[in-house]
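> Build me a structure from this.
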Amino acid sequence: MGKVDPMWMRGVALAAGAALVAWGVHAVVPAVPLLTAAVLLGIVVGQLPVLRPALTGVLSPGLTLAANRLMRLGVVLLGLKLSLVDIIGLGWITITSTVLIVVLTFFGTLWLGRRVGLLGHQPLLIATGFAVCGASAIGAMSGVVKARDRETATPVALVTLCGTLAIGVLPLLWHPLGLTDLQFGHWVGAGVHDVGQVVATAQIAGSAALAVAVVVKLTRVLMLAPLVAGVAVYERRRVAVAAGAAPGGQIDRTVRRPPVVPLFVAGFLVMVLVRTFVPVPPTVLDAADLVQTVLLAMALFGLGTAVRLTDLVRTGGRALGVGLASWLLIAALALAAVRLS
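Coordinates of the predicted model:
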C-alpha cells in the first residue's frame with residue numbers, strides 16, 4: 001500500500017479549514033450563504049501576496065483536487081435534493097417557462113460573450129453559471145471542457161458577485177413590482193443563481209415563498225445534466241474531427257475523446273432517480289446534504305483562490321459587462337414568466 005502524497009493533502013486540509021470558517025460566517029450572519037462565503041474567502045486568500053507562492057506551489061495540487069474532483073462529487077450528491085414529483089407538482093406552465101428561461105439565458109449569454117470577444121471557455125462557463133446554478137455549475141462544466149483554474153476563476157467571481165447583489169436588490173423590488181409572496185418566491189427561484197443565494201433571498205417572504213423558490217430553483221439545477229451532456233457530445237465531435245485531421249488523413253488514436261455523458265452527470269441523474277423512487281430516510285438525506293455542502297464549499301474555496309482581482313479589473317471589463325447583462329436577462333425573463341403564470 002503506497003504512501004499518501006502529502007502535497008495534495010496540504011491543499012485539501014486548507015480547503016477543509018476554509019469550509020469550516022465559511023460555516024462559521026454563515027452561522028453568525030445567516031444572510032450570507034455558506035457557499036458564497038466559501039468563494040469569497042477563497043478570493044480574499046488569493047489576493048494575499050504572502051500566500052501566493054504557496055497557493056501556486058505546495059498547496060496547488062490539493063486545491064486543484066478540491067476544485068475538480070470534490071466539485072464533481074458534490075454535484076452528484078446535489079441530485080439527492082431533487083424529486084421529480086416536486087418538480088411535476090409545479091405544473092407544466094411553470095416547468096416550461098423555467099426550461100425556457102435556462103435555455104434563453106444560456107444561449108443569449110454564450111452569444112454575447114463570444115460577440116464581445118471573451119477568450120477560451122469563458123463565454124460557456126459564464127452562460128452555464130448564470131443560467132443554471134452558479135459556481136457549482138461552472139465547476140461541473142469546466143470539468144467537461146477541461147478549462148484551466150485561472151480560466152474558471154473569472155466566471156466564478158462574476159456569478160458570486162451578481163448572486164450576492166441579488167440578495168440585497170431583489171427584496172427591494174418585491175413590493176414596488178406588485179408581486180405576491182408566492183410570485184416573489186417564483187421570481188427568486190427562476191432568476192437567482194446559487195441555491196444558497198435563493199434561500200437567503202426568498203426566506204424573507206415566508207415559508208411558502210421559500211418552498212416555491214427552492215423547487216423552481218432545483219428544476220433549473222436539473223437542466224445541468226442535459227446542458228453538460230450536450231456540451232460533452234459537442235466536445236467529443238470536435239476532438240474526433242481534430243483526430244481525423246492527422247497527417248495522411250489517419251485518425252489519431254492517441255487523442256482521448258470525452259465521454260458522451262460524464263460519469264459525474266450520470267451519478268447526478270442516478271441520485272435524482274433515487275430521491276424520486278426510493279424512500280430514503282431523512283437522516284440519510286441530512287447526512288448527504290451535509291457532505292455535499294462541505295464538498296462544494298471546499299471546491300468553491302479552491303476555485304476562489306485562483307481569482308486575481310487585479311487581472312479582473314485590468315482585463316475583465318468585458319467579462320463583467322457580460323455577467324451583468326446575463327443577470328439582468330435572467331431576472332427579466334423570470335419576471336415575465338411570473339407575470340404570465
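> which residues sit in contact with V195?
Shown in contact with V195 (Cβ atoms under 8 Å, 6 or more residues apart in numbering): L35, K81, C133, G134, V214, K217, L218, V221. Glycine gets a C-beta too; all of them are placed from N, C-alpha and C.
> any idea how far L124 is from it?
Per Cβ to Cβ, to the nearest Å, V195 is found 21 Å from L124.
> Could you export the contacts of V195 as CSV, including distance to L63, neighbour count and pLDDT?
Formatted as CSV, the contacts of V195 follow (distance: Cβ to Cβ, whole Å; neighbours: other Cβ atoms under 10 Å; pLDDT from 0 to 100):
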residue, distance to L63, neighbour count, pLDDT
L35, 16, 27, 86
K81, 26, 19, 87
C133, 22, 28, 84
G134, 19, 30, 85
V214, 30, 20, 89
K217, 28, 26, 91
L218, 29, 22, 88
V221, 25, 23, 89
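> Could you pick out which of those residues are located in helices?
Within the contacts of V195, residues falling in helices by DSSP state H are L35, G134, V214, K217, L218, V221.
> could you dump these to CSV with distance to R72?
Shown next, in CSV, are the ones in helices among the contacts of V195 (distance: Cβ to Cβ, whole Å):
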residue, distance to R72
L35, 16
G134, 16
V214, 23
K217, 21
L218, 19
V221, 15
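> can you tell me which of those lies nearest to L328?
G134 (16.4 Å; Cβ to Cβ).
> these two touch, right, the closest one and C162?
No - at 9.2 Å, G134 and C162 do not qualify as touching, with contact defined as Cβ atoms under 8 Å.
> shared neighbours of these two, anything?
Listed as contacting both G134 and C162 by Cβ under 8 Å, 6+ apart are H193.
> Looking at the contacts of V195, which one is closest to L296?
Using Cβ to Cβ, those come closest to L296 at L35, 5.7 Å.
> Okay, the closest one and A15: tell me how far apart.
Counting by Cβ to Cβ, the gap from L35 to A15 is 13 Å.
> And A27, by the same measure?
Separation of A27 from A15 (Cβ to Cβ): 19 Å.
> helices or strands next to the host helix or strand of A332 in the packing?
Element membership of A332, judged by DSSP states H and E, is helix 317-340. Using 3 or more Cβ pairs under 8 Å, 6 or more residues apart in numbering; DSSP states H and E, the elements in contact with helix 317-340 are helix 92-115, helix 122-131, helix 149-174, helix 181-191.
> Kindly provide the whole-number mean pLDDT of the second one.
Average pLDDT, helix 122-131: 94.
> elements contacting it?
If you count contacts as 3+ Cβ pairs under 8 Å, 6+ apart, helix 122-131 packs onto helix 92-115, helix 134-145, helix 149-174, helix 224-244, helix 317-340.
> Can I get that helix as PDB, trimmed to CA atoms?
These are the backbone C-alpha positions of helix 122-131, laid out as PDB (Å, rounded to 0.1, in the frame of the first residue of the first chain):
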ATOM      1  CA  GLN A 122     -15.200  31.900 -20.500                       C
ATOM      2  CA  PRO A 123     -18.400  32.600 -22.600                       C
ATOM      3  CA  LEU A 124     -19.500  29.000 -22.000                       C
ATOM      4  CA  LEU A 125     -18.700  29.000 -18.300                       C
ATOM      5  CA  ILE A 126     -20.400  32.300 -17.600                       C
ATOM      6  CA  ALA A 127     -23.500  31.200 -19.500                       C
ATOM      7  CA  THR A 128     -23.700  27.900 -17.500                       C
ATOM      8  CA  GLY A 129     -23.200  29.600 -14.200                       C
ATOM      9  CA  PHE A 130     -25.800  32.400 -14.700                       C
ATOM     10  CA  ALA A 131     -28.400  30.100 -16.400                       C
END
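> Could you tell me how far it lies from the centre of the chain?
How far helix 122-131 lies from its chain's middle: 9 Å, per Cα atoms, centre = their mean, to the nearest Å.
> before we move on, what about stretch 100-108?
15 Å.
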